[in-house]
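Peer 1: Predicted model follows, preceded by the sequence.
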Amino acid sequence: MTWLKNNPIALIFIAGISIFLFQLNVIPVTIMEARNFITAREMITEGNWLLTTMNELPRYEKPPLPSWITAIFGLIFGFDNIAGLRLPTMLMAIFLGYIGYIFSLRLLNNKRHALINALILLSSFYIIVITIEAPWDIYTHGFMLTGIYFLYHFFKLAENKWKNSLLAAIFIGLSFMSKGPVSLYALLLPFLLAYGFVYKYKDFSVYRKYIPLVAMVVVASIIGIWWFLYVRLADPDAFLAITKKETANWSSYNVRPFYYYWSFFIQSGIWTIPALISLMYPYLKDRVSDKKSYLFTFLWTIFSVILLSIIPEKKARYLVPVLIPLALNTGFYMEYVISNFQSSFVRKEKIPVYFHFGLIGLICIAFPFVAYFILKDGLGAFWGYYALSSVVLFTIGILLFVQLRKKQLFLCFLLTIALVGAIKSLALPLSGAMDKNSHYKSISHLNSTLLQEGIATYCFGEIAPEMIWDYGTTIPVLKGDEEITIPDGEKFAVLVIPVEENEFKRIFDPEYRLTLKTVYDLNYNADPGTKGHKNRLISNLYIVEKR
């Protein structure tokens, strides 16, 4: 226990490694990952480092910084190594936890409290999910939190104002180069509003930092927007068309009501109950160790949710920036619980604590039985992972109840972090024991097979990014937004998505003989006709021959 308290940074990295650096090959490549990996691959294979592409078509929706990083890791580990391509994203997530710690330490001057904040951040559900579902988000928010860390120093301290100003500018610019203004709006602006409301920029005014502030804005702007200006000048038609489409999506795509995000605390996953209680400001404000800092993290969280709620387009993953101040806010409640549970908690205050840790303990103890009941028919090659994960999780569950009975809440907290690490490193591979799609068929060998036969391959319609990634190289598109191309040659192959099949036959059927050779289905766990089966992950391969 003494070592844990005296080595918080080491504990953060141990937790980060267990949560993020194991089993990187287990989960299939997602749609957002596929888009990003394709862009990185085409940087290497086609040299498209600045005018970025996906399947050789302009892809200017996202800035290229994370793609550059992924391309470098692809050069080192190879583009067939999914773990190598995912590694920089996972390292960025661990870096986010470290920045969360040093920022909390500056804010609170309390190592244990800062450690609690960082571990909550690392183990929050959607922080973990976003590293796979939309990995570029972790870059923009990780860089932005780093920029905010130096910006906080710039506002608060008289010394090193130029250093803090320029470092804040660099990281804010890098955030913009990772995903445009997303984190600027959802993380930085709420921070500025909360800081102004609580601290009123008093220290900033006293130390007269206006010239460094102007320099910060200029440097951040240069780093953040130079690529957009370059693309605007180098490929104006494609840039404007993509910009128009992206802007329209904000008000017409995935439109949800204003209150859609107001269950945001659920996205913290295992911390849902503490997160909810931490938002009960009237209850907690007189119980926390630092009332002003608590008000700051509370308002930072609320302002972030409100600003995101204003935008008509809403998705669950857009809540990731909210989870950063929410983790710091939840830390106030957990620090209060850990410090005062034995001495000053009344009976009704203990109920949610017992419920939270008791529920986690019960889940751990039940895991071996529930996992066997669900997966018993597919455990074959996974018995080792099942046995090891069952022993570890069952043990964590028992220890949770033992420490809860002893009222050792800090140990209960650490056991919860151990649980998240055990699930990611030991239990995640059990997803391979779940029912598989009996019609699953990879497209990875198609290119080499048809090249040997001297047959060129094309696609008709907007083929799924996962399909292009699995194929291994670009697939020329026959049907674009405005025109349809008919290939030269007597014989060629065409991949057709189901929704385009009638249109494909209407165009080619009179002059060509169409032979359906095979169907590629990248739905990994869902059979055709079941709820999770996605038509967009199907491509029909036709051999097209001139009559």
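Peer 2: That came through fine. Numbers count the residues shown, from 1 in each chain.
Peer 1: Just the element for the closest residue to Val182 other than its chain neighbours, please.
Peer 2: Nearest residue to Val182, sequence neighbours excluded (CB to CB, 6 or more residues apart in numbering): Thr140, at 5.7 Å. The C-beta positions use only the backbone N, C-alpha and C, and glycine is treated the same way. Using DSSP states H and E, Thr140 sits within helix 136-156.
Peer 1: which is the next helix or strand following that helix?
Peer 2: helix 161-179.
Peer 1: Was I right to think Ser221 contacts Gly173?
Peer 2: Yes: applying CB atoms under 8 Å as the test, Ser221 and Gly173 come out as touching, 7.5 Å apart.
Peer 1: Looking at these two, which is more packed in?
Peer 2: Neighbour count, other CB atoms under 10 Å: between Ser221 and Gly173, Gly173 has more, with 22 against 14.
Peer 1: what's the distance between the closest residue to that one other than its chain neighbours and Phe143?
Peer 2: In space, Gly173 comes closest to Ile223 once its chain neighbours are excluded; the distance is 2.6 Å by CB to CB, 6+ apart. In this view, Ile223 and Phe143 are 10 Å apart by CB to CB, to the nearest Å.
Peer 1: Now do the strands in this structure.
Peer 2: For the chain, the strands defined by DSSP state E cover 53-54, 57-58, 457-460, 491-496, 512-521, 538-546.
Peer 1: Pipe the ones you listed into CSV and attach distance to Glu335 and mean pLDDT per row.
Peer 2: Below are the strands of the chain laid out as CSV (distance: least, CB to CB, whole Å; pLDDT from 0 to 100):
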stretch, distance to Glu335, mean pLDDT
strand 53-54, 45, 94
strand 57-58, 49, 92
strand 457-460, 55, 93
strand 491-496, 56, 93
strand 512-521, 50, 93
strand 538-546, 51, 93
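Peer 1: how about low-confidence regions in the stretch 251-400 of the chain?
Peer 2: Scanning the stretch 251-400 of the chain for pLDDT under 70 picks out the ranges 251-253.
Peer 1: if we can go back for a sec, which residues does the residue nearest to Gly173 contact?
Peer 2: By CB atoms under 8 Å, 6 or more residues apart in numbering, the contact set of Ile223 is Ala169, Ile170, Ile172, Gly173, Leu174, Phe176, Met177.
Peer 1: rerun that using 7 Å as the cut-off
Peer 2: When contacts are counted by CB atoms under 7 Å, 6 or more residues apart in numbering, Ile223 touches Ile170, Gly173, Leu174, Met177.
Peer 1: and the first one, how many neighbours does it have?
Peer 2: The reference is to Ile170. Per other CB under 10 Å, the neighbour tally for Ile170 reads 18.
Peer 1: quick one: it and Leu151, what's the gap?
Peer 2: Separation of Ile170 from Leu151 (CB to CB) stands at 11 Å.
Peer 1: again with Lys5
Peer 2: Counting by CB to CB, the gap from Lys5 to Leu151 is 30 Å.
Peer 1: Between those two, which has more neighbouring residues?
Peer 2: With neighbours defined as other CB under 10 Å, Lys5 and Leu151 compare such that Leu151 has more, 24 against 12.
Peer 1: Identify the residue nearest the more buried one in space, chain neighbours excluded?
Peer 2: Ala168 (4.2 Å).
Peer 1: Tell me the pLDDT of the one you found.
Peer 2: For Ala168, the pLDDT comes out at 98.
Peer 1: Can you tell me the closest non-neighbouring residue to Ile27?
Peer 2: Nearest residue to Ile27, sequence neighbours excluded (CB to CB, 6+ apart): Ile132, at 5.6 Å.
Peer 1: if we can go back for a sec, indicate which one of the strands of the chain is closest to Ile69.
Peer 2: Among those, the nearest to Ile69 by CB to CB is strand 53-54 (17.0 Å).
Peer 1: got the contact list for that closest one?
Peer 2: Residues contacting strand 53-54 (CB under 7 Å, 6+ apart): Arg35, Ile38, Thr39, Glu42, Glu46, Arg59, Pro465.
Peer 1: Now which of those would you call buried?
Peer 2: Neighbour-count burial within these applies to Arg35, Ile38, Thr39, Glu42, Arg59, Pro465; the criterion is 16 or more other CB atoms under 10 Å.
Peer 1: Dihedrals phi and psi, the fifth one?
Peer 2: The phi and psi torsions at Arg59 (degrees, to the nearest 10) take the values phi -130, psi 90.
Peer 1: I'd say it and Thr39 touch.
Peer 2: Yes: using CB atoms under 7 Å, Arg59 makes contact with Thr39 at a distance of 5.6 Å.
Peer 1: what is in contact with these two at once?
Peer 2: Between them, Arg59 and Thr39 share these contacting residues under CB under 7 Å, 6+ apart: Thr52, Thr53.
Peer 1: Got the domain ranges for the protein?
Peer 2: 2-340, 347-433, 446-546 (automatic domain parsing).
Peer 1: so His533 touches Tyr524, yeah?
Peer 2: No: applying CB under 7 Å, one finds His533 not in contact with Tyr524, separated by 10.3 Å.
Peer 1: how near is Pro368 to Leu430?
Peer 2: In this view, Pro368 and Leu430 are 11 Å apart by CB to CB.
Peer 1: From Ile324, how far out is the residue nearest to Gly173?
Peer 2: 21 Å.
Peer 1: Let's see which of the buried ones among the contacts of strand 53-54 end up in helices.
Peer 2: Arg35, Ile38, Thr39, Glu42, Pro465 (DSSP state H).
Peer 1: biggest separation within those residues, which pair?
Peer 2: Most distant of these, by CB to CB, are Glu42 and Pro465, 12.2 Å apart.
Peer 1: Show me where the stretch 351-500 of the chain has its helices.
Peer 2: 383-405, 409-422, 446-452, 465-471 (DSSP state H, counting those that start in this stretch).
Peer 1: contacting residues around stretch 427-440?
Peer 2: Contacts with stretch 427-440, where a contact means CB under 7 Å, 6+ apart, come from 23, 26, 371, 375, 378-379, 382, 385-386, 389, 521, 523-528.
Peer 1: for that stretch, which positions count as buried?
Peer 2: Ala427, Leu428, Pro429, Leu430, Gly432, Ala433, Asn437.
Peer 1: Could you dump these into JSON lines with distance to Leu51 and pLDDT added?
Peer 2: Shown next, in JSON lines, are the buried residues of stretch 427-440 (distance: CB to CB, whole Å; pLDDT from 0 to 100):
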{"residue": "Ala427", "distance to Leu51": "43", "pLDDT": "94"}
{"residue": "Leu428", "distance to Leu51": "37", "pLDDT": "93"}
{"residue": "Pro429", "distance to Leu51": "40", "pLDDT": "92"}
{"residue": "Leu430", "distance to Leu51": "43", "pLDDT": "93"}
{"residue": "Gly432", "distance to Leu51": "39", "pLDDT": "86"}
{"residue": "Ala433", "distance to Leu51": "44", "pLDDT": "85"}
{"residue": "Asn437", "distance to Leu51": "37", "pLDDT": "86"}
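Peer 1: out of these, who's nearest Ile311?
Peer 2: Leu428 (32.7 Å).
Peer 1: Sounds good, over and out.
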